[in-house]
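Trainee: Task: produce atomic coordinates for the following.
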Amino acid sequence: MVQTVLIYSMGEVIGDGLIKLPFIAGLRAAFPQARITWCAAKGTTVYDGPLKRVVAGYIDEIIKDGVTGAGALDVLPWVKPFGGRTFDLVIDTQENLRRSLVARRAANGMFVSAAMQARKGDWPPAVVDRMARLLSLATNGQGGLRPLALTEAEAISAAEALLPSGPAYVGLAPGAGGQEKRWPLENYLELARAQAAAGRTPVFFFGPDEAADAAIARSEVPGALFPEADRTDGYANVKGPLLAIALAGRLRAAVANDAGPGHMLAAGGAPLLSLQLNRRKAVKFKPAARRLEMLCAEDYGEGMAALPPQAVQDALDALIAGDS
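Mentor: A predicted model of the protein is given here:
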């Protein structure tokens, strides 16, 4: 029986931290009673920062210090990684073979290594599919990725208050870190008006640096909701990624560019239409949504503006119909 689990990684910034959330949910489902320890070998992970409250109940301990394999000499046989601790199951998610040898020394039972799997011919290109492969190997094919179910009662209550049961909500996240990855705002506004005309309620997700775009959306789509900004729930301490992921669970579907909000909506369980600039990145960094559709602008022309509004509308309608 697996009572202790070590997940070995180099660390996580917000993007890959969000992509890995369905893996974390699937891991907890597979080993509900185990103590799960996450090692961020290079000393930084969003799981003890912006996503700490998101992974509450899923990760029991985070290791960032000491001998973790990040140092060149950590592989020496007399060095004791992780303070000499061992675990019933070790899943090595990184692909450096030397570091994998360090992680293996902590295994007192099963050891699953991405570094070794990557040297085989069928290693998937997508990060989310790689995580799914590791989880399947660790559970003899029984485990799989899952949407994250938040454990904080306040987060669930905040989402229910901001998006009450009844309407069919469709999330729209027009932002992205780089302008080149943004489908034009006017296209999102047209899509929002089409959702309203179909009897659905458009719900916009804007970042703190997108106030000007949010103001335009308020003016152009009067019936749209802005739950992250228009707080009426009484849970002001529920905010940021925690709130976005909680709200995602209330959505019938969502549309987002290749950016953090899309990964948050996917992690919260929303069926997602992901709008991508190019297919190479779309394949490697596809969101881990329970139901995912992707459109790539390069299939239609140059730049995100080449992505036709009608193609997006049709893909969204198909996504919603398939989830009914």
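Trainee: Just the buried positions in the lowest-mean-pLDDT helix or strand in the chain, please.
Mentor: The helix or strand of the chain with the poorest confidence is helix 279-284; it has a mean of 84 (mean pLDDT, DSSP states H and E). For helix 279-284, the neighbour count (16 or more other Cβ atoms under 10 Å) marks 282-283 as buried. Where C-beta positions appear, they are placed from N, C-alpha and C, glycine not excepted.
Trainee: Contact partners for residue 34?
Mentor: 2-5, 88-89 (Cβ atoms under 8 Å, 6 or more residues apart in numbering).
Trainee: nope, residue 259 is what I was after
Mentor: Residue 259 sits next to 173, 175-177, 181 when contact means Cβ under 8 Å, 6+ apart.
Trainee: Double-check that residue 88 belongs to a strand.
Mentor: Yes. Per DSSP: H, G, I helix; E, B strand; the rest coil, residue 88 lies within a strand segment.
Trainee: That one: what's it in contact with?
Mentor: 1-5, 34, 108-110.
Trainee: so which of those residues is the most crowded?
Mentor: residue 5 (24 neighbours; other Cβ atoms under 10 Å).
Trainee: Looks to me like that one is in a strand.
Mentor: Yes. Membership of residue 5 in a strand is supported by three-state DSSP.
Trainee: how much space between it and residue 88?
Mentor: 7 Å (Cβ to Cβ, to the nearest Å).
Trainee: swap in residue 139?
Mentor: Taking Cβ to Cβ as the measure, residue 139 falls 13 Å from residue 88.
Trainee: ok, now residue 38?
Mentor: From residue 38 over to residue 88 (counting by Cβ to Cβ), the distance is 15 Å.
Trainee: do the same with residue 48
Mentor: 23 Å.
Trainee: repeat for residue 159
Mentor: Distance from residue 159 to residue 88, by Cβ to Cβ: 35 Å.
Trainee: all strands of the chain, in order?
Mentor: 4-9, 35-40, 61-63, 87-92, 107-113, 169-173, 201-204, 253-257, 272-276, 292-296 (DSSP state E).
Trainee: In contact with residue 112, which residues?
Mentor: Here residue 112 is in contact with 89-92, 134, 137-138 (Cβ under 8 Å, 6+ apart).
Trainee: hmm, try it at 10 Å
Mentor: Shown in contact with residue 112 (Cβ atoms under 10 Å, 6 or more residues apart in numbering): 8, 89-93, 103, 133-139.
Trainee: Then residue 128?
Mentor: Contacts of residue 128 were listed using Cβ under 10 Å, 6+ apart, and they are 16, 19-23, 145, 263, 266, 284-289, 292.
Trainee: Dump the contacts of residue 112 into TSV; add neighbour count and pLDDT as well.
Mentor: Shown next, in TSV, are the contacts of residue 112 (neighbours: other Cβ atoms under 10 Å; pLDDT from 0 to 100):
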residue	neighbour count	pLDDT
8	32	97
89	23	98
90	27	98
91	25	98
92	29	97
93	24	97
103	30	94
133	16	96
134	21	97
135	24	97
136	17	97
137	16	96
138	23	97
139	19	96
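Trainee: Highest neighbour count among the contacts of residue 259?
Mentor: The residue in those with the most neighbours, by other Cβ under 10 Å, is residue 173 (26 neighbours).
Trainee: Just grab the bridge partners of that residue for me.
Mentor: Going by DSSP bridges, residue 173 is paired in beta bridges with residue 256.
Trainee: Having no further points to raise, I will conclude here.
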